[in-house]
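Everything below, folded, please.
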Amino acid sequence: MLDRNAMAQLKGLREELEAQNERTEATIKGTQHRYGFAVTADGREIFIPPEEMLKVLPGDKAAICIRPAAPIKGKKDKGGRTVAEIERLIETGLDNFVGHIVQKGKATFVVPDIPGLSRWLFIPPHARNGVAPGDLVACALLRHPIKDGKPSAKVLERLGDQTTPGVENRYCAARAGLPEPWTDKTAEPLVNAAQSIDPLSDASRLDLTHLSFVSIDAARTVDIDDALHAEVTQAGWQLSVAVADPTAYLASMESLPEQLAQRGASVYFHGDMIAMLPEAISQGLCALAEDVARPALVCQMQVTESGEISDFSFHKAVIRSRAKLAYAAVDRYVTGNSDELIAHTNPLEALVQVYRTLRGRREAQELVMEERREYRWILGEDKQIAEVDSFEKLASQHLVEECMIAANKCAAQFLQAANAPGPFVVHRGFRGDRIEEAKTFLEKHRPELKDTALDTVAGYRAVLADLGQETHGQPLRDMVNRLLSRAVLTEKAGPHMGLATEAYTNFTSPLRKALDFFVHLQITACLAGNSAANYPVNRLADITRAIGRGREAVAAADRRLTARYLLKLKKGGKQRFTGHVSHITSSGFTVKLDENGLEGLVDLRPEKEKFSFDKWTMSLTSTTRRFQLMQSVEVDFAEAPAEGDYLALFKLTEGCGLKPQKETPAEAFAKTLAEATTASEQDARQEPAEAAQNESAPPPAMPGAAAAESNTKSEATPEVSTGPSDNAATPGDTESTVTPTPPQ
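Numbers count the residues shown, from 1 in each chain. The predicted model follows:
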């Protein structure tokens, strides 16, 4: 038995040791193993052993005690690992999630689709909502494991199973946390508020119903948000772009902009859509339907014959579209293959003229995106890919695009001139932390451009236009993509390098995009003489995040559809494809298939050969093989595992990417010997001919005449030089023969 003094000493020692432990707050980071890490505010990652990890979930914020490393038993010179012990939960990072149902005995579990969480969560009988093994579900956390390490969940909704049409879209939308599609009930307050407004009675709106506006869109489009009109003027053309104005109905709803920021934009899946605004508004009240008077925000531009926009103005207006035209029909008119739109000849002809003029100026002075082949998925009744069609963008689509870009540039200039706080779309071009790397890239590939100012619109345009030329022998334009920044939304005007314009924004799709809705709010306020912020500036970041979530959801759903289509083709005996390297990293590359545009990964890490990555040539090289960006390759589809989120995996075919074999010393000697033998045989054949020619030659001339003849010949025959020469033969001079002058 220990006496009181000994007990007191032990207690004091324990308190002293405990005082040495650090206590702090941290965010829990999971792994695919049983252990995890606690990430502190200063960026440290502290190891959480498996028994402690049972108490928390990835994303949780917890109070931890950091215990210093203790020596490992039996290893005097080797210290242990600093560990974090969970003391209490501050807040959980897990709310709603998705997963699939599994059964173990009589117990039902959900396997959460959450990065870093590899454990199953028990679903008690009362919370199962009638699900069965294999079902895809949306769930919520029912019981946190902080007390005993035993979490549980409840099923909120059964999304379907692998055979349910469209389940990929629903599942990926729920996983990304996208807002639920509008229902009659959720849309009712918004629709009722909009229907109570009559913007057509607003006397401040300019009546433009006399102009023959037409809309040009896909045949099945219902939420028509723009219409066009053009007419010839003495200086060129007047181009009017009318954009549907939902703010005319909804501006009084103060909470709506924040709701729209959370949605970001309409999300378009293959076979499904989550609309930003309820259909009763986007397809009903606001759509610029044929022969119906509608409120619109109109940009009228004066375009010169050189394609310059010499003047522009914005108006709150009322317009009446004369016709809803389909891209295909307008394209036939533009290309001269049909006269079915003869009734709209005058406005269409003017539109075609102004489109070609605007396009020509942009190609000459700004940047135009490179044309690439596009692909259209044809879905069956099961909402799976039945076939894939390839197509090129129509001239009618380019026509609409040019008109929209012109109007968007004017919108940015209008807001800038009014000293309004945006919103603007700014693209800085090369990333600030990659400028030096970009200069090195140019020095290696285009040294004549290495001193170009990369932070100016003119300099950026000069570089990108040059890199995009097809004469370089390498895909230089694609090779610099990794050095470029992303566009950002901001209240301060700045250049949009990607379009090579000094200011830019989007205002032409307010029925589908929250940013455009915000721009409408601000332009309307400026037209009323108020340049102060008329939209929630602090919500621009929310729009960016929401758009990112939407893209993530669509990409994930597309991976699943791609996987099932490739598996179907493989079962039918087709698994080999040709394609090209569309993206490359140090571990492998993405292949885009030529036949259908589908993409998958070639992982080179398991290969026996080791590959080295060269960022300057965007290539991977081993002793026998080499792969470069945009290189043509042949691959076999292997699989698309669920563990990799259904990313298609390709295997290279035998011999793909082999480098040309180098000559061995013996082969080089044999080649030299053969060439020498051939030359000797040719000389032997020429000697009799030369002898016969000498026998029939005229007698020698006098020395003076010989000198004159020699000088004349020397002037007519250029000397062979190792340096450049003004009179050097060009590649086109295929008939030229350069004869060396004998040494003097």
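
ok, G579 touching V633?
Yes: here G579 lies in contact with V633, judged by C-beta atoms under 8 Å, at a distance of 6.0 Å. C-betas here are computed from N, CA, C, even on glycine.

lowest-confidence helix or strand of this structure?
The weakest-scoring helix or strand in the chain, judged by mean pLDDT, DSSP states H and E, is helix 703-716 (a mean of 35).

helices and strands around the strand ranked longest in the chain, which ones?
Longest strand in the chain by number of residues, with DSSP state E as the criterion: strand 309-326. Other helices and strands packing on strand 309-326, by 3 or more C-beta pairs under 8 Å, 6 or more residues apart in numbering; DSSP states H and E, are strand 206-207, strand 213-217, strand 236-244, strand 293-304, helix 395-417, helix 514-527.

Now do whichever helix or strand comes after it: which elements does it pack against?
As assigned by DSSP states H and E, the chain's next helix or strand after strand 309-326 is helix 327-334. In terms of contacts (3+ C-beta pairs under 8 Å, 6+ apart), helix 327-334 is packed against strand 213-217, helix 345-365, helix 395-417.

of the ones you listed, which approaches G597 most closely?
Minimum separation from G597 across those (C-beta to C-beta) falls at helix 395-417, 17.7 Å.

ok, now which ones touch the closest residue in space to L159 that isn't next to it in sequence?
In this structure, L159 finds its nearest non-sequential neighbour in L136, 4.5 Å apart by C-beta to C-beta, 6 or more residues apart in numbering. Taking C-beta atoms under 8 Å, 6 or more residues apart in numbering as the contact definition, L136 lies against V98, G99, H100, R158, L159, G160, D161, Q162, T164, V167, Y171.

would the first one count as being in a helix?
No: assessed with DSSP: H, G, I helix; E, B strand; the rest coil, V98 is strand; it does not lie in a helix.

What is the neighbour count of it?
Per other C-beta atoms under 10 Å, the neighbour tally for V98 reads 23.

With the third one instead?
Using other C-beta under 10 Å as the criterion, H100 is surrounded by 20 other residues.

what residues are up against it?
With C-beta under 8 Å, 6+ apart, H100 has these contacts: V110, V111, D113, G134, D135, L136, V137.

Likewise for the fifth one?
Contacts for L159 (C-beta under 8 Å, 6+ apart) come out as V98, D135, L136, V137, A138, V167, R170, Y171, A174.

Between those residues, which sits nearest P181?
Closest to P181, out of all of the contacts of L159 and judged by C-beta to C-beta, is R170, at 9.6 Å.

Could you report the neighbour count for that closest one?
Neighbours around R170, by other C-beta under 10 Å: 22.

Leaving out sequence neighbours, find the closest residue to it.
Closest to R170 by C-beta to C-beta, 6+ apart is L159, at 5.0 Å.

What are the buried residues along the longest strand of the chain?
Burial within strand 309-326, assessed by neighbour count using 16 or more other C-beta atoms under 10 Å, is assigned to 309, 312, 314-326.

can you give me the strands for the stretch 1-150 of the chain?
Applying DSSP state E, counting those that start in this stretch to the stretch 1-150 of the chain gives strands spanning 22-30, 36-40, 45-48, 61-67, 83-91, 96-104, 107-112, 121-123, 136-143.

about what we covered before: which pair of the contacts of L136 spans the longest distance?
Longest distance between any two of those is 15.6 Å, between G99 and T164; criterion C-beta to C-beta.

C656 versus the nearest residue to T653 once chain neighbours are set aside, what's the distance?
Excluding the flanking residues, the one nearest T653 by C-beta to C-beta, 6+ apart is E634, at 4.5 Å. According to C-beta to C-beta, to the nearest Å, E634 and C656 sit 5 Å apart.

How about N506?
Look at N506 and C656: by C-beta to C-beta, they are 43 Å apart.

ok, these two, which is more surrounded?
Counted by other C-beta under 10 Å, N506 and C656 do not tie: N506 has more neighbours, with 21 against 17.

just checking, V426 touches G498?
No: counting by C-beta under 8 Å, V426 sits too far from G498 to count as a contact (10.2 Å).

if I look at those two, which residues touch both of them?
Residues touching both V426 and G498 comprise A487, with contact defined as C-beta under 8 Å, 6+ apart.

Dihedrals phi and psi, Q283?
phi -100, psi -10 (degrees, to the nearest 10).

now the helices: where do they sit in the stretch 351-500 of the chain?
Assigned by DSSP state H, counting those that start in this stretch, the stretch 351-500 of the chain shows helices spanning 395-417, 435-445, 457-467, 476-479.

I90: which of the ones you listed is closest?
Nearest to I90 among the helices of the stretch 351-500 of the chain is helix 435-445; the distance by C-beta to C-beta comes to 41.1 Å.

Tell me how many other residues surround Q32.
Neighbours of Q32 using other C-beta under 10 Å come to 9.

I meant to write K409 there.
22.

Quick check: beta-bridge partners of the residue nearest to L159?
Beta bridges link L136 to H100, G160 when assigned by DSSP bridges.

do you know how far it is from V480?
41 Å.

now A127
53 Å.

now swap in R564 and tell me
Separation of R564 from V480 (C-beta to C-beta): 35 Å.

is it true that the residue nearest to T653 lies in a strand?
Yes: counting by three-state DSSP, E634 is part of a strand.
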